[in-house]
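Peer 1: Sequence and predicted structure, then a few things I'm wondering about:
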Amino acid sequence: SVALVKNEAGERFVPGGGENDTGDWHSREAYIVYMTERDTLRLEGRRLSFTSTTFSLHKGWNLVPYFGESQMPVEDALSPLSSALVIAKDGKGRVYQPSRGINNLENLQPGQGYKVYVTEETTLTYPPTDGE
């Protein structure tokens, strides 16, 4: 039921279509996955350490994966970005824009990716949660 996979650079993977610009999947990247029907995508591999995996963000828009075991308030999850964070969005159009006091995103969800806009090159390491 996977129709298309895209990474942050716009590279594409089309199952069965002979197109694979993305190459191997990388643990520090988020992907946009288009499905033909509702389904669960199962990935195999070694689990990353949630609180010690660092994501390098460039100035502008970034796709950031969230792989915690449980949801986390967006304010807490993105607090390491400090004043560099302008806005974060999920795939449903909900946003977190701290400078304007807007937060209808509320929580980052396990297994989801988010679009994050930062004003400078920075890194993100998620803070620890209960049990992680």
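Peer 2: Received, thanks. Numbering: from 1, shown residues only.

Peer 1: mind listing the helices in the chain by residue range?
Peer 2: In the chain, the helices defined using DSSP state H lie at 74-77.

Peer 1: any chance you could map the strands in this structure?
Peer 2: Ranges of strands in the chain, per DSSP state E, are 2-6, 12-14, 19-20, 32-35, 54-57, 60-66, 72-73, 85-89, 95-97, 102-103, 107-108, 112-118, 122-125.

Peer 1: Render the CA-only coordinates of the last one in PDB, please.
Peer 2: Taking only C-alpha atoms (Å, rounded to 0.1, in the frame of the first residue of the first chain), the coordinates of strand 122-125 have been written out as PDB:
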ATOM      1  CA  THR A 122      21.500  24.100  14.900                       C
ATOM      2  CA  THR A 123      21.100  20.600  16.400                       C
ATOM      3  CA  LEU A 124      18.200  18.900  18.100                       C
ATOM      4  CA  THR A 125      18.500  16.300  20.800                       C
END
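
Peer 1: Buried residues, it. List them.
Peer 2: 122, 124 (16 or more other Cβ atoms under 10 Å). C-beta: built from backbone N, CA, C; applies to glycine.

Peer 1: next one: the second one
Peer 2: Within strand 12-14, the residues scored as buried using 16+ other Cβ under 10 Å are 12-13.

Peer 1: Over to the fifth one?
Peer 2: Of the residues in strand 54-57, those scored as buried under the neighbour-count criterion (16+ other Cβ under 10 Å) are 55, 57.

Peer 1: Give me the helices and strands touching that strand, please.
Peer 2: strand 60-66, strand 122-125 (3 or more Cβ pairs under 8 Å, 6 or more residues apart in numbering; DSSP states H and E).

Peer 1: What lies in contact with it?
Peer 2: 28, 62, 64-65, 81, 116, 118, 121-125 (Cβ atoms under 8 Å, 6 or more residues apart in numbering).

Peer 1: Present these as TSV; the columns should include pLDDT.
Peer 2: Converted to TSV, these look like this (pLDDT from 0 to 100):
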residue	pLDDT
28	73
62	94
64	92
65	90
81	95
116	97
118	98
121	97
122	96
123	95
124	95
125	92
